[in-house]
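Peer 1: Structure for this input, please:
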Amino acid sequence: MALGKIKADTLEHSTSGSVDTKFVVEGSAKAWASNSATTGDTISNSLNVSSLTDESTTGQYTWALTNSASAEIDHYSLSGMCGGDARNLRYSDGANTTSTNLDIRTYTSSSGSGVDSKHSWQWCGDLA
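Peer 2: Numbering: from 1, shown residues only. This is a model prediction of the structure:
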């Protein structure tokens with residue numbers, strides 16, 4: 001069976017108008033995920049994520065992408081949330097952030113100390 005291609009510059013909906021496809025390609029989240037346990041490497045749901053490693057440093061996690069980014073991931077936009085005692089989520093200072101790995105740290109806002117936490121995030125950027 002032959003595979004075909006769909007080429008379009010615009011997507012049109014019958015009642016909601018139309019949008020240029022560059023907004024879909026460039027403006028969509030390229031990866032997102034959530035973990036379901038405070039500690040461990042259990043992924044509860046994800047897109048473009050192949051694995052999660054709970055690092056030995058408290059509150060530090062490394063998420064591996066299935067498809068690489070075009071540059072180091074921390075050059076792009078990250079948003080997320082965490083639960084429990086953690087109040088903040090950010091790119092980690094660790095050396096594991098590359099075009100294929102996302103290092104995330106969850107920490108308290110009062111002391112800035114790392115804390116293991118359930119969390120979810122989305123990343124917007126360019127895929128390689």
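Peer 1: What are the phi and psi values at the closest residue to A33 other than its chain neighbours?
Peer 2: Nearest residue to A33 in three dimensions, chain neighbours excluded: S46, at 3.7 Å (C-beta to C-beta, 6 or more residues apart in numbering). In this view, the C-beta of every residue, glycine as well, is placed from N, C-alpha and C. Dihedral pair for S46: phi -170, psi 160, per degrees, to the nearest 10.
Peer 1: repeat for the one 4 residues further on
Peer 2: In this entry, S50 is assigned phi and psi values of phi -100, psi -30 (degrees, to the nearest 10).
Peer 1: G27 now?
Peer 2: Dihedral angles for G27 - degrees, to the nearest 10 - are phi -100, psi 10.
Peer 1: Identify the residues contacting it.
Peer 2: By C-beta atoms under 8 Å, 6 or more residues apart in numbering, the contact list for G27 reads C124.
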